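Colleague: Structure of the sequence below:
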Amino acid sequence: MNEMQKLRAAIVRQMSATERRQIRWLSFGMEEQRQKVLDSLPTGSTPYSRMLDCGMLDEWQNVRYCAVPLCPRCFLRRRSRETAQSIQKTFAEIPNKGLAFLTLLLPVTTDIDDVSSIIRAAKTRLNNIVARYRRHDPRWNDVQLTGWWEMDCSTDTDREEFGRNRKLAFDELNWPLFGTGRTVWQPHFHAIVATGAVSLDEIKQALRGKAFDAPYQVDLKPFDPNRHVTRNIKDVVRYSLKFRVERQYKEVRSEGRKWWSKEDISTYGVWLSRRRGGFQALRFSIGPLGPLTQSAVASPMIGKDAGIKNRNMMPTGCPSTDSVDRSFGNELETTDPHGACADDSPVIGCTVGLSGALGPELAVITGGAHGNFDSRKPRQHGAGLQRAGFTDLR
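Modeller: Down below sits the predicted model:
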């Protein structure tokens, strides 16, 4: 960082949370990633046009957001919201000893169009595993998880650079036998798991049964008891929603950042824009089985027997949902303004083996944003500067 960057960072650290929320510019590292994504996306495509217009003020002085998952401004905003919901609602009042961090590797593919079906199959397996154990063991009724699907990519000639564990895992997850320079897409899943009265070993055994039985495919680590549970949750969410489009980002950048190729960034960006629901499609959760849900399972006449006026309403404690409570507010992350050029702290005090480093810090200061886009209705002057619910989810 030069002297001017250090001065800007020092000023931001003295601001209140309300003042920081009004800053609409990105950090230097995040702006660099934004420009790289814009340079890679097809000119005139929907994600390109929306990212180009993201960050400007409309005539009512509201900030415009594009909701493109690869947009640093929007994924940082979304990450703040997910962090707030996890801390204040989903896992509220659950101590460190009742929480764990799950990383689940999925089969790799050279065709990104196959990833959607791979994710659907993983969702079905996770739902079936939890449902099967709940039928036989009531302790599993309190087990819940919330997580996010993420993507890495390499070329099929990179295998020799992998460590031993990564080689063993990918050899069983359809890694190509012959290297010809093709891109290999590596979907995976990060989640926070509330274990209830079920031990970590029991959960690992359930996941590693016939569903996810490749070596090192399942990694389940307890939260660090020496750190506050709020910090642990915050770090896991940050790690899970990093949206990095560069390789070897854990290493010292003496030779600059090693970006994915333009073709890979474009392919990934266009694929994400085709996924119905945007950010919401990348979120997956299995909730606890509450009393209302248990009665619904026991009786098909839920509308009559459970006293529900609307028979089409989903009972409380639904076993699985991808939805996000839109009424829940955001929590601003107070982090290093240098953004993607800074290293994050380790996730919950553990070494994360196969899926990379922590995501970039919250971006706050740098110059430049362009355009004008928003699908929301006009609001009162200045209302867009408040970090309210994420409304543009398509």
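Colleague: The closest residue to G147 other than its chain neighbours sits in which helix or strand?
Modeller: Leaving aside its sequence neighbours, G147 sits nearest to A191 (C-beta to C-beta, 6 or more residues apart in numbering; 2.5 Å). Just so you know, the C-beta spots here come from the backbone N, C-alpha and C atoms, and that holds for glycine as well. In this structure, A191 is located in strand 183-194 according to DSSP states H and E.
Colleague: What mean pLDDT does the following helix or strand past that strand get?
Modeller: Once the chain leaves strand 183-194, the next helix or strand it forms, by DSSP H and E, is helix 200-207. Average pLDDT, helix 200-207: 96.
Colleague: go on, stretch 147-157?
Modeller: In this model, stretch 147-157 carries a mean pLDDT of 93.
Colleague: List of residues touching it?
Modeller: Applying C-beta atoms under 8 Å, 6 or more residues apart in numbering, the external contacts of stretch 147-157 come out as 82, 102, 110, 115, 119, 175-176, 178-192, 240-243, 247, 260, 264, 268, 282-285, 355-356.
Colleague: mind redoing it with 7 Å?
Modeller: With C-beta atoms under 7 Å, 6 or more residues apart in numbering as the test, stretch 147-157 has contacts from 102, 119, 176, 179-192, 240-241, 260, 264, 268, 282-284, 355-356.
Colleague: And that stretch, what's buried?
Modeller: Within stretch 147-157, the residues scored as buried using 16 or more other C-beta atoms under 10 Å are 147-156.
Colleague: got it, and stretch 57-66?
Modeller: So, applying 16+ other C-beta under 10 Å, buried residues of stretch 57-66: 62-66.
Colleague: One more: stretch 263-272?
Modeller: For stretch 263-272, the neighbour count (16+ other C-beta under 10 Å) marks 264-272 as buried.
Colleague: before we move on, what about stretch 118-128?
Modeller: Neighbour counts over stretch 118-128 (16+ other C-beta under 10 Å) mark 118-119, 122-123, 125-126 as buried.
Colleague: Next, name the residue at the spatial heart of the chain.
Modeller: L241 (3.1 Å; C-alpha atoms, centre = their mean).
Colleague: List the single closest residue to it in space, sequence neighbours excluded.
Modeller: Nearest one to L241, counting by C-beta to C-beta, 6+ apart, is R79 at 4.4 Å.
Colleague: so what does the helix or strand that neighbour falls within touch, helix or strand wise?
Modeller: Per DSSP H and E: R79 is located in helix 72-85. Under the contact criterion of 3 or more C-beta pairs under 7 Å, 6 or more residues apart in numbering; DSSP states H and E, helix 72-85 touches helix 28-40, helix 229-240.
Colleague: any idea which helix or strand comes after it?
Modeller: strand 99-105.
Colleague: Starting from that next one, tell me which strands it pairs with and how they run.
Modeller: According to DSSP bridges, strand 99-105 forms sheet pairs with strand 183-194 (antiparallel), strand 218-222 (antiparallel).
Colleague: Compute the distance from the centre of the strand holding A191 to the centre of its chain.
Modeller: How far strand 183-194 lies from its chain's middle: 9 Å, per C-alpha atoms, centre = their mean, to the nearest Å.
Colleague: Same check on stretch 110-130?
Modeller: Counting by C-alpha atoms, centre = their mean, stretch 110-130 is centred 16 Å from the centre of its parent chain.
Colleague: And for stretch 148-162?
Modeller: 18 Å.
Colleague: got the CA positions of that stretch in CSV?
Modeller: What follows is stretch 148-162, C-alpha atoms only, in CSV (Å, rounded to 0.1, in the frame of the first residue of the first chain):
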residue,chain,number,x,y,z
TRP,A,148,-23.2,-22.4,0.1
TRP,A,149,-22.1,-24.0,-3.1
GLU,A,150,-18.8,-22.8,-4.5
MET,A,151,-16.6,-23.4,-7.5
ASP,A,152,-12.8,-23.8,-8.1
CYS,A,153,-11.2,-24.6,-11.4
SER,A,154,-7.9,-26.0,-12.7
THR,A,155,-6.6,-27.4,-15.9
ASP,A,156,-6.4,-31.2,-16.3
THR,A,157,-2.6,-30.9,-16.4
ASP,A,158,-2.4,-29.4,-12.9
ARG,A,159,-2.8,-32.7,-11.0
GLU,A,160,0.9,-33.2,-10.4
GLU,A,161,0.9,-29.9,-8.5
PHE,A,162,-1.7,-31.1,-6.0
